[in-house]
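S.K.: The following block contains a protein sequence and its predicted model.
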Amino acid sequence: MTAELQAASGGFEADYQVLNKMKEITGIQDADFLHAALKAAKGNLMEALIVLTEERDQEPVQNTAAAEPSSWEGSAVGKEPPQGGAAFDPEKKGDVHSAVAYRKLESPKAHAAERPQEVHSPENKNRSKRKRCEVWGENSKQSDWKRVGDWPVGMKNIGNTCWFSAVIQSLFQLPQFRRLVLSYSFPPSVLESCRTRTGKRNIAFMQELQCLFALMLGTRRKFVDPSAALELLRDAFKSTEEQQQDVSEFTHKLLDWLEDAFQLAVNVKSPGDKSENPMVQLFYGTFLTEGVHEGNTFSKIETFGQYPLQVNGYRNLNECLEGAMVEGEMDEETATQSVKYVQERWFTKLPPVLTFELSRFEFNQSLGQPEKIHTKLEFPQTIYMDRYLYCSKELIQTKREEMKKLKEKMLILQQKLERYMKYGSGPARFPLPDMLQYVLEFITTKPAGAVSSACVSSTEDSQMMDRQSQGESLILGTPSQPDSMLDGKDGKPEDEAVLLANSSTQQQLNTPLQPSAPPAEMLDCPAPHVVSEEEMNLVTTCLQRWRNEIEQDVRDLKESIARVSLSIDEMYSDPHLQQVPYHLHAVLVHEGQANAGHYWAFIYDQPRKSWLKYNDISVTESSWEELERDSFGGLRNASAYCLMYISDKVSHVVAGEGDSSEVGQFQKEVEALPPELRRYIQEDNWRLEQEAEEWEEEQSCKIPSTASESQELSPESGLDPSAAHEQSLRSLSSEHATIAKEQTAKAIANAAHVYEKNGVEAALCEAFHEEYSRLYLLSKETPTPQNDARLQHVLVYFLQNDAPQQIVERTLLEQFADKNLSYDERSISIMKVARDKLKEIGPDEVNMEEYKKWHEDYSLFRKVSVYLLTGLELYQNRKYKESLTYLIYAYQSNTALLKKGANRGVNESLITLYRRKCLLKLNEVASSLFVSCEEAHVAEGISILNELIIPCMHLINNFDISREDMDAIEVMRNRWCSYLGREDMDASLQIRLGELLPRLLDGSTEVVVLKEPPKIRPNSPYDLCSRFAAVMESIHDASTVTVK
């Protein structure tokens, strides 16, 4: 089982499900911490879980946590310490009374000193995450379209033009290129002498590019509009409304246009001399091709701009380059054969900006259409180009020969090892050392009739393996049945697995493996009929010796393979081959299929020393980890399509500029611009101020909406306006006391005999401890899918989350001081005494800020529960649009609670499961409406997609996305992509589909705004609990929810 777990956990970087299950089992939400634990356990998932759970079990219990009733030494309801110290037994009422405590609330400061430091702070949990949606549930504000400080600007997508944004942003962030464009000029005579339409177009494009770059330097807008420059490209490409442009095709065309435009200026001094063209100097290099064709040697030098590389069949960029540089094998024998074609390429001159074009599309002959290659391809942040240079030819050819020999040796060693590990002549083969061990066990097994220890042992091992495999399946989330989610069926097994995950997982992990007695028919294991002692000794000695010899052979082979593998990995680590480094500057990414998709770029920002993601109007801080996830491929339909590296010299120039602030550098460049470009920037910024003033005037003229107030006071809420007004004036703790007033009144009624016999104060003590004992026992009950005790009372929530003792005591005391308990003289008297006790608690005895936060958390927990239950009820009644909004808000709020503790919120997997189901159902509805071709239905389908599906997809498509959610998103995207090019679909629908797809395929280009759903509040905890039970039972029974 250990080997299986290691194999499963070996790919944990790509498998988010393993990390999510570790989070669910351990309660630790920090992905980096879990990653480190798994690495420390050498990939053994079970060992990592044991270490994590043992560490958590060994953590000292906080002294401030709410205690069992028997551990109380006093409380806020009395004044004198008790005389007896008997242990508390919740089943004996007398013990409750004897445990009545008489002390003031202890100061939280003393406990704060004793509280152990939290291992996982919220900052640590979120340090690797990046906010995808900065605005939640709010309308767009002026700040959403104004540039913040020196932050780089985005670029507006004016209709499938993300390809333009990705390329232009990558080029703009190269200072040398940016200055070439901004300083471009030529004598007026050049324009007059330019007779060709192409030449005039290129000059016009350069002028528009100058204006665009000037705005990107000095604008105060958050993003710029490239419409003017794009308008000039329509002659060279098809209409942008019909088809998205290919990045490599556009970049080729762009470089050609810019080269021609600069050549016009160069021709003034050196007519026809392309070597003086700054575009050629910056982006173009040369390579030498040497080879043999039909027995004849040849050699030629060629120029390149973007160097094409095949992706299929290669694991990393160096392998791609090696495959592109060598075709066949160049040796003496090859030169004499006339039937082979072999060649080598060597770079003779590398440009300062080296661009690799990754060929990720191939034509499928059987389908008659292009397909995208989604295989994983790794590339480094720094690549050394020495091994591909002509000046290194002799050394590299020697190393290639050495590499060839090493690979041949590796193949022989692996084949030898395989003969040991897959031994046998039949279809079933096994490791030879294990087979010898089995024979040894057979020889030592006693004859039939006696219970063989070996047999029992093997039976126990088999049962142990069965249970471990079950545990493994549980940990890794391996489904016992195919997931019906993607088929559009409401699969019951997945529902039940999610509902029981928290309880059953912990129970199975904590239950020791107890081997049961083997069945009677398994006691008679195969054994030799007769074995003499001499035979036994001889065979045993031989088998043990052979097994030891073979195990030694296997170890030697593995060590040899490791040494050869290390030699292969370090073959090109020679310092002499690390003199020409190129550093990754930009990665252009494509997401989607061959016929449609979305482009964005990751660009390294030297001043900030970090990666930024340029996604149309959005420019956000990123990381190398996110770049790997989105660019390497293999995980989803996103992968790098173009890599831009810069030479060490260019990198040092950029880094030198990065020593000063970017805003200072940009300001210097703005000041160095020609007067007409500076005036162009000033005019655009003036227009922005005018637009801002007009926007503010419009906002001031609008009548404030009362929609939220009407929702708050809707009949569904169960509150009239006057009650709602009182509710707004009351604190959260008083609100929670009001919610529990029926339970508090019952506790007071049960203390009536003490009231009559010993007076008001004794009755308060009796009722106080009676209620505390009841709630404490309730908090310790094992939860079931149909029952969550936290919904019944705020103190159950506090106790289950180890709230400080002082906060628990004060909360319960406020329950008895609630003015709504004015039922009779006894209740009023107890209420007055409880209020006096509250007044005696000084500000230094309870941290009121912490007290407030605990009550805010419980209020949020109830809100999450209401949203979840409402969403589930609506889903069961097939109201998917309304359901999705509730489920999304439930998840967002619940995430904030779970950061503070695993028991602070509701079962996250339950929300994600039905959010996913709801999205898939809604996507089916929207896509069916869209393809109906009826205008009203098409509009409704687009509305559902734009207002619900796409925003929700963007919200869940973050760094911690689960494998199930990722698969669901791919299913939804593929459904819409499948409509591209359909002959039975109207051309206008194809155009609208082309406008929708960039938003559908993109993950973070826009601010996500969702209207908060109507608030629904139950009148009492019993209403909420009954709804919870009804919904959970309906999920198990797969029937429609009915709540009376």
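M.R.: Received the coordinates, thanks.
S.K.: The stretch 851-1000 of the chain: helices as residue ranges?
M.R.: Assigned by DSSP state H, counting those that start in this stretch, the stretch 851-1000 of the chain shows helices spanning 880-898, 908-930, 935-944, 950-956, 963-977, 987-1001.
S.K.: Assign residue 585 to helix, strand or coil.
M.R.: Of the three states, residue 585 takes strand according to DSSP: H, G, I helix; E, B strand; the rest coil.
S.K.: quick revisit: pipe the helices of the stretch 851-1000 of the chain into a markdown table and attach mean pLDDT and distance to residue 553 per row.
M.R.: Where you see a C-beta, it was placed from the backbone N, CA and C, and this is true even at glycine. Conversion of those to a markdown table gives the following (pLDDT from 0 to 100; distance: least, Cβ to Cβ, whole Å):
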| stretch | mean pLDDT | distance to residue 553 |
| --- | --- | --- |
| helix 880-898 | 88 | 52 |
| helix 908-930 | 90 | 48 |
| helix 935-944 | 88 | 65 |
| helix 950-956 | 83 | 52 |
| helix 963-977 | 85 | 40 |
| helix 987-1001 | 80 | 54 |
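S.K.: so which of these gets nearest residue 854?
M.R.: Within the helices of the stretch 851-1000 of the chain, the stretch nearest residue 854 is helix 880-898; the backing value is 11.8 Å (Cβ to Cβ).
S.K.: and the closest one with helix 908-930, angle?
M.R.: 150 degrees (axes from the mean of the first three to the mean of the last three Cα atoms, to 10 degrees).
S.K.: Please identify the buried residues of helix 880-898?
M.R.: 880-894, 897-898 (16 or more other Cβ atoms under 10 Å).
S.K.: what sits up against it?
M.R.: Helix 880-898 is touched from outside by 29, 136, 857, 860-861, 863-864, 867-868, 870-872, 874-875, 904-906, 908, 911-912, 914-915, 918-919, 921-922, 925, 944, 948, 952, 955-956, 1010-1013, with contacts defined as Cβ atoms under 8 Å, 6 or more residues apart in numbering.
S.K.: Name only those of these that count as buried.
M.R.: Looks like the contacts of helix 880-898 have 29, 857, 860-861, 863-864, 867-868, 870-872, 874-875, 904-906, 908, 911-912, 914-915, 918-919, 921-922, 925, 944, 948, 952, 955-956, 1010, 1013 buried, using 16+ other Cβ under 10 Å.
S.K.: can you tell me which residues contact the residue lying closest to residue 671 once chain neighbours are set aside?
M.R.: With sequence-adjacent residues excluded and distances taken as Cβ to Cβ, 6 or more residues apart in numbering, residue 671 is closest to residue 678, at 7.7 Å. Applying Cβ under 8 Å, 6+ apart, we find residue 678 in contact with 214, 218, 670, 671.
S.K.: Verify the contact between the third one and residue 218 for me.
M.R.: Looking back up the chat, that one is residue 670. Yes: here residue 670 reaches residue 218: they are 4.4 Å apart, a contact under Cβ atoms under 8 Å.
S.K.: Now the common contact residues for those two.
M.R.: Contacts common to residue 670 and residue 218, judged by Cβ under 8 Å, 6+ apart, are 678, 681.
S.K.: Compare those two and say which is more crowded by neighbours.
M.R.: Taking neighbours as other Cβ atoms under 10 Å, residue 670 and residue 218 compare with residue 218 leading, 22 against 16.
S.K.: mind checking how far that one is from residue 946?
M.R.: 34 Å (Cβ to Cβ, to the nearest Å).
S.K.: same thing with residue 414?
M.R.: Distance of residue 414 to residue 946, computed by Cβ to Cβ: 54 Å.
S.K.: And residue 564, by the same measure?
M.R.: From residue 564 across to residue 946, the span is 57 Å (Cβ to Cβ).
S.K.: So which of those two has more stuff around it?
M.R.: A count of neighbours by other Cβ under 10 Å puts residue 564 above the other of residue 564 and residue 946, at 19 against 14.
S.K.: what's near enough to touch the nearest residue in space to that one that is not next to it in sequence?
M.R.: Closest residue in space to residue 564, ignoring its immediate chain neighbours: residue 410 at 4.9 Å, by Cβ to Cβ, 6+ apart. Applying Cβ under 8 Å, 6+ apart, we find residue 410 in contact with 561, 564, 565, 568.
S.K.: does residue 410 belong to a helix or a strand, and which?
M.R.: Using DSSP states H and E, residue 410 sits in helix 393-421.
S.K.: Tell me which residues of the helix or strand following that helix come out buried.
M.R.: Under the assignment DSSP H and E, the closest C-terminal helix or strand after helix 393-421 is helix 432-444. Buried residues in helix 432-444, counted by 16+ other Cβ under 10 Å: 432, 433, 436, 440, 441, 443, 444.
S.K.: next one: stretch 974-982
M.R.: Within stretch 974-982, the residues that count as buried by 16+ other Cβ under 10 Å are 975, 976, 977, 979, 980.
S.K.: Is residue 856 in contact with residue 736, as I believe?
M.R.: No: the criterion here is Cβ under 8 Å, and residue 856 misses it with residue 736 at 10.7 Å.
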